[in-house]
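# How does the following fold in three dimensions:
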Amino acid sequence: MKERILYSRIALALASLAIVSPFVAQPAMAAAQDEIYDFGSSDIYAEKSAEPVEPAEAEQAPASVEPVAESTEEPAPEKAYPGGQVATEVQLGVLGDHPTLDVPFNITGYTDKMMEDNQVSTVDDVIVHDPSVSDQTLSGVSSAWNIRGFKAQQQDVQLNGLYGIAPRFYGGVEGVDRVDVLKGPSAILAGIAPNGSLGGTINYITKRAGSEPLNRVKISYGNGGVFTQQVDFGRRTDDGKAGLRVNVLNRNGDTSFDEHMRTDSITVGADYKGDRYRLGFDYGYVYNKVSDQQYQVTIGSGALKTMSSMFKVPRGTKFGADGGYRSIHEQYGMLHGEYDLSKDWTGYFSYGLRNTKMEYFYNNFSLSGLSGAATMKYSYNNQINKADSAEAGVRGKFFTGDLKHELTVAANRIHYTRYMNNRTVASGLKTNIWNIVFQTPENPYSWSAPKNDENTFTGVALTDSITTPNDKWQFVLGGREQRVKVDTYNTTTGAVKTHYDESVFTPAFALVYKPQKNVSLYANYMQGLDAGDSLVTDTDAANYGEAFAPFKTKQYEVGVKYDFGKWASTLSAFDIKSPTLLENSATKIYSPNGEVRHRGLEWNVFGEPRKGTRLMGGLMFLDATYRNTEGGLYDGNRVAATSRWNAVMGLEQGIASVPGLTLTTNLTYNSSSYINEANSFRVSPWATWDLGARYKFKSGGVPLTLRGDVYNVTNRNYWRALQNNGIFLGKSRTFMLSLTADF
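The predicted structure is shown next:
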């Protein structure tokens, strides 16, 4: 019955598209008819005086023309480096859109072509191709990662530069045209990240209709036994002013960890280009349910006393209990507009809303000792999360002497309220990791969502980009006044539990020097604010729920970018300092009694150095340590869940002897890491190797693309480190097969 309802919804969506399509195409048909029936007098006389021509002769090609084999390799998208995987232009919040080479930051924009060719399903699958990002996604209900060693998560993903509107728990990218990955804190650009992501920002640029009609259908199967169907539709009016892009997706099946996944989503992107104004609209709806989800392993205090590293377990071992589930319903929408006040000045605004409903029944698997003894705790969490976000500003340019100024004044507001009740169902249930028996209790709790917390972040930013006449020097000066208001509530009485309301100023300085047009040297001083990690979220802490002043993070960065024409490379060095919450082992009270310092080197490379050979990847060296901890207890220790070396390299090779065939390979490496501040438990280094191929061809005049990938070809059995004494099991060998048709 549910399947029939699903396919009925898809059929209804397709029927709607069929209704829209002729309407959109009508102006073009009318124009064609006008062209056919334009009987001007000169055309009539010309027609009469012309010698008659046989139709067969008129259609026959000259004998000297020979058929030319058509390339089946898809051309690179506009504003992309050769190979089409990385964009040449990125979005930088209040600074607007700029060429990547000209901005004083390490930022990479991954294109829709890159996502299609790598068969990505979620944002996690995209950003793992960046060496500065380490995946922390442990199951179908988790979407998290480290950027420059700082934890980030789906809750802090931007939508077209706006925080708080993108889906809070769902990481699918079916409606996304580009994923911009900015490395480093950047409060000046878009304000404070609502949930405490410090090391960088992920920004979704949503899909818009292109100049050519699009009717794309894609089916895929893999990652265990997950079957996906997707329809991508795009149209523009004949004058090119209005566009509509619609994506419909259904995903269903059991993943490689025996999780059952069900996803239904639809995204709509519309835009209109007037003479002096531009409008954009986005809407999305997603239903996602993951049952029998995989879970992490927590190394308990008893195990930490007897173990310094984790032993191997059989591949695909399940730590999530049967009967667990997480279901989400998310709706979000956003309106963006720009108006040209004059030739040099533009006003703009963005406003968005999101409503998320989530229900979660889950277990925590805790290892007790070397013997494999373990305990389980079951919890039930339900919540409603409502958010609205807005930004308005003016951007323009003027001159003082020979210097050009690009000035931006912007104000923004992010507000969200969470109604949540997280309750313990059972705890202390015994099992053993060598023979896991899940004692899944009945959930005695019903839906209850009292007000848990309310957050309001407002800010005003002023930036000035000053450029010399020859464009060799660019100076960026700016600052943001940020107000942070956080209220937490007693979920039983409804009374205010903690309150924080303060303002803080964050300055920013950056410069770019271009000794020649294809080379830029840059430096920046940036600050970030963290209100998320300044709230004690450990439910076992004595001061759970206490709010502290937002943490101010400071970064110094220098780098060089070189565009070789067919390929490009970035080399950067950074130094980031940030306060951190640490627990007093005796009192179980968290406080900001230390700081972390992340220093590192990054190298990125991408492009097509020779025809048919494309590469993308790089490496990062990271020295992340604790400093100034209470009594010097952890000073000099490595920050939990960070590796000294991260590397990833992808290579594609087109096969000239078989037009349309491309072979791909990808290598990923993470060195060892720890799971706690004491560095008493170490996770071994690991590497994975992926292989794939895609073949572009035509059948009956329809362009088709067949893609196949095998991940973790060697079936490497490995663990990955999390913070707070957690680890998770890496995926065993999996595959993905898909077929895309453009009608």
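# looking at the chain, which helix or strand does the model trust least?
Of the helices and strands making up the chain, the lowest-confidence element is helix 41-49, at a mean of 33, by mean pLDDT, DSSP states H and E.
# Can you tell me the centre-most residue of the chain?
Centrality entry for the chain: nearest residue to the mean C-alpha point is V123, 4.1 Å, by Cα atoms, centre = their mean.
# can you pull the contacts of it?
V123 is in contact with 143, 154, 157, 171-173, 176, 179, 202, 204, counting by Cβ atoms under 8 Å, 6 or more residues apart in numbering. Bear in mind the C-beta positions are built from the backbone N, C-alpha and C, glycine included.
# ok, now D232?
D232 sits in contact with 174, 207, 214, 216-218, 245-247, where contact means Cβ under 8 Å, 6+ apart.
# for stretch 672-684, the distance to its chain's centre please.
Stretch 672-684 sits 27 Å away from the centroid of its parent chain (Cα atoms, centre = their mean, to the nearest Å).
# For it, list every residue counted as buried.
By 16 or more other Cβ atoms under 10 Å, the buried positions in stretch 672-684 come out as 673-677, 679, 681-683.
# try stretch 574-593
Neighbour-count burial for stretch 574-593 [16+ other Cβ under 10 Å]: 574, 576-583, 589-590, 593.
# what two of these are the furthest from one another?
Maximum pairwise distance among the buried residues of stretch 574-593 (Cβ to Cβ): 32.1 Å, between F574 and I589.
# Quick one, which of the buried residues of stretch 574-593 has the minimum pLDDT?
For those, the model is least confident at E583; its pLDDT is 75.
# Grab the nearest non-local neighbour of that residue.
Y590 (5.1 Å; Cβ to Cβ, 6 or more residues apart in numbering).
# again, but for L407
Nearest one to L407, counting by Cβ to Cβ, 6+ apart, is D464 at 5.3 Å.
# is it true that that neighbour touches G479?
No - using Cβ atoms under 8 Å, D464 makes no contact with G479, being 10.2 Å away.
# Please identify which of these two sits among more neighbours.
G479 (17 against 13; other Cβ atoms under 10 Å).
# Show the contacting residues for that one.
188, 461-462, 505-508 are the contacts of G479 under Cβ under 8 Å, 6+ apart.
# Sitting in strands, which of the residues you listed do you find?
In this view, the contacts of G479 that belong to strands under DSSP state E are 461-462, 505-508.
# now those: which count as buried?
Listed as buried from the ones in strands among the contacts of G479 are 461-462, 506, 508; burial here means 16+ other Cβ under 10 Å.
# Pick the one among these closest to K554.
T506 (9.3 Å).
# What pLDDT does the model give that closest one?
95.
# Verify the contact between it and L529 for me.
Yes - in this structure, T506 is within contact of L529 by Cβ under 8 Å, at 6.4 Å.
# what do the two both touch?
Both T506 and L529 are contacted by 187, 482, 552, under the criterion Cβ under 8 Å, 6+ apart.
# strand partners of the helix or strand harbouring S389, parallel vs antiparallel please.
Using DSSP states H and E, S389 maps to strand 373-400. The strands beside strand 373-400 in its sheet (DSSP bridges) come out as strand 345-367 (antiparallel), strand 403-432 (antiparallel).
# would a markdown table of the buried residues of stretch 574-593 with secondary structure be doable?
Below are those laid out as a markdown table (DSSP: H, G, I helix; E, B strand; the rest coil):
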| residue | secondary structure |
| --- | --- |
| F574 | strand |
| I576 | strand |
| K577 | strand |
| S578 | strand |
| P579 | strand |
| T580 | strand |
| L581 | strand |
| L582 | strand |
| E583 | strand |
| I589 | coil |
| Y590 | strand |
| N593 | strand |
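# G631: neighbour count?
As a burial measure, G631 scores 7 neighbours (other Cβ under 10 Å).
# again with the one 3 residues further on
The tally of other residues near Y634 (other Cβ under 10 Å) stands at 23.
# Domain-wise, how is the protein divided?
1-32, 74-195+215-742 (automatic domain parsing).
# so of those domains, which one's packed in deepest?
domain 74-195+215-742 (a mean of 19; mean count of other Cβ atoms under 10 Å).
# circling back to that earlier point, could you work out which of the strands paired with strand 373-400 reaches nearest to Y626?
The nearest among the strands paired with strand 373-400, by Cβ to Cβ, is strand 345-367 at 24.4 Å.
# Greatest separation within the buried residues of stretch 672-684: which pair is it?
By the measure Cβ to Cβ, E677 and V683 form the most distant pair in the buried residues of stretch 672-684, at 14.8 Å.
# Test my guess that the residue nearest to E583 contacts E630.
No - using Cβ under 8 Å as the test, Y590 is too far from E630 to be in contact (11.5 Å).
# Report the set of residues contacting both of the two.
Counting by Cβ under 8 Å, 6+ apart, the residues touching both Y590 and E630 are 582, 584.
# any idea of the mean pLDDT in the helix or strand harbouring A624?
Under the criterion DSSP H and E, the helix or strand holding A624 is strand 613-627. Per-region confidence: strand 613-627 scores 97 on mean pLDDT.
# Please apply the same query to stretch 99-110.
The average pLDDT for stretch 99-110 rounds to 97.
# With stretch 324-334 instead?
Stretch 324-334 comes out at a mean pLDDT of 97.
# again, but for stretch 394-405
The model assigns stretch 394-405 a mean pLDDT of 96.
# Send me that stretch as PDB with only the CA atoms.
C-alpha atoms of stretch 394-405 as PDB (Å, rounded to 0.1, in the frame of the first residue of the first chain):
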ATOM      1  CA  VAL A 394      23.600  46.600   0.000                       C
ATOM      2  CA  ARG A 395      26.700  45.900  -2.100                       C
ATOM      3  CA  GLY A 396      28.400  48.300  -4.500                       C
ATOM      4  CA  LYS A 397      31.600  50.000  -5.700                       C
ATOM      5  CA  PHE A 398      33.200  53.400  -5.700                       C
ATOM      6  CA  PHE A 399      36.600  55.000  -6.200                       C
ATOM      7  CA  THR A 400      38.900  57.000  -4.000                       C
ATOM      8  CA  GLY A 401      41.600  58.200  -6.300                       C
ATOM      9  CA  ASP A 402      42.900  55.200  -8.200                       C
ATOM     10  CA  LEU A 403      41.700  52.700  -5.600                       C
ATOM     11  CA  LYS A 404      38.500  50.700  -6.200                       C
ATOM     12  CA  HIS A 405      36.300  49.900  -3.200                       C
END
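# Just the local confidence number for S71, please.
46.
# again, but for Y360
In this model, Y360 is scored at 97, pLDDT.
# got it, and L370?
The per-residue pLDDT of L370 was computed as 85.
# What separation do you get for it and G300?
Using Cβ to Cβ, to the nearest Å, L370 is found at 12 Å from G300.
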